[in-house]
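A.B. asks: Below are the sequence and a predicted model; questions follow.
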Amino acid sequence: MIRKIAIERPRSLSGVVTERLRDAIMTGELALGEALSEDTLATELGVSRTPIREALSTLQYQGLVTIVPQTGTFVFTATATDVGELCEFRATLEVKAARLAMARHQEAALASLNAAVAEMAQAQKKKDSRAYARADTQFHAAFLDHCDNPYLKSAYLLASGRVSALRTHLAGHVEGEPQRSFDDHHEIIALWKKGDIDRIESVLVQHIMRTQANYLRAVESGQIPAGAPDGSGAPALRKRRPRQATPA
C-alpha cells in the first residue's frame, strides 16, 4: 500500500475571517453588545458577505455573537448568572487539568506558566491591557496544554473565547485589576514549584470565581452593558467603530 503524502491544506477564507473576528472580540476591539453589520464587516475586511455570514454562524456556536432574527447580530453580552455558570464550568475544568498537568508534566507546565507571567509583566510595563489579557489566557491554557487529556481541552476551548473577552473587558474596569490577578498568578507559580496542588486549587478557584463579582460591579457602574434576561443581546446596542482590513 502506498503511504499517503502529507498535504498542508490552506485555511478557508471563512476560517480566516472567523479567527479575525474571534480575536477582535476576545481582545476588546469589538465591544460587548456591539451591533455587527455583514456589509460593514465585508467592506472593512475586504471580503464578500458569504465568508462573513459563515464566520458569524461559527461564532454564534462558540457563544461569541448572538444572531437575533429580524433584529441583527451582536457581540455577546452576559448576565451575572451567565458569568457565574461560566466561572463554575471553567473552575471545574481548570482544576482537573492542573492536577493532571502537575502529575504528568510538572516542569513543562511550569515553563509555560513562567513564560506567560513574563509576558504579563512586560504588558504591565507598557500599560497594554490587551497584551496582558492574551498572556493571562496563555497562563490558564498551560494547565490544559499539559494535562494530556484532549477531551478536557476540547471542552475548555468551547468556552475560552467568552472567558478571554470577559477578562479583557474587566481588566480595565475593575479597581485593583489586573494587579490582583497578577499576584494570584505569582502565588500559583510558587505553589506549583512546591507541588502543593491542594493549595493551588484553592487559589485558582477563588481567582476564577472573583470574575462574577467583578462583572456585576462593572455592570452596575455602567462600564459594561448588561446582558438581556432572554439572552438576545439586543438591549446592548453599541455603535460600530471603524476597523482596519486584514489581508485574506
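C.D. replies: Noted; the coordinates are in hand.
A.B. asks: for the protein, what are the low-confidence residue spans?
C.D. replies: Counting by pLDDT under 70, the chain contains low-confidence ranges at 1-10, 171-177, 227-248.
A.B. asks: Per the annotation, how does it divide into domains?
C.D. replies: The chain breaks down into these domains under automatic domain parsing: 13-77+227-236, 80-220.
A.B. asks: Let's have these in TSV, adding mean neighbour count.
C.D. replies: (Glycine included, C-beta is placed from N, CA and C.) TSV is the format used below for the domains of the chain (neighbours: other CB atoms under 10 Å):
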stretch	mean neighbour count
domain 13-77+227-236	18
domain 80-220	18
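A.B. asks: Restrict stretch 65-84 to CA atoms and write it as CSV.
C.D. replies: This file holds the C-alpha atoms of stretch 65-84, laid out as CSV (Å, rounded to 0.1, in the frame of the first residue of the first chain):
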residue,chain,number,x,y,z
VAL,A,65,-22.1,36.5,18.9
THR,A,66,-25.9,36.5,19.2
ILE,A,67,-27.9,36.4,16.0
VAL,A,68,-31.4,37.8,16.6
PRO,A,69,-34.0,37.2,13.8
GLN,A,70,-35.4,40.4,12.4
THR,A,71,-33.1,42.5,14.6
GLY,A,72,-29.4,41.9,13.9
THR,A,73,-26.2,40.3,15.0
PHE,A,74,-24.4,41.4,18.2
VAL,A,75,-21.3,40.6,20.1
PHE,A,76,-22.4,38.6,23.1
THR,A,77,-23.4,40.1,26.4
ALA,A,78,-23.9,38.1,29.6
THR,A,79,-26.0,38.3,32.8
ALA,A,80,-24.4,37.8,36.2
THR,A,81,-25.9,34.3,36.3
ASP,A,82,-24.3,33.5,32.9
VAL,A,83,-20.9,34.6,34.2
GLY,A,84,-21.3,32.6,37.4
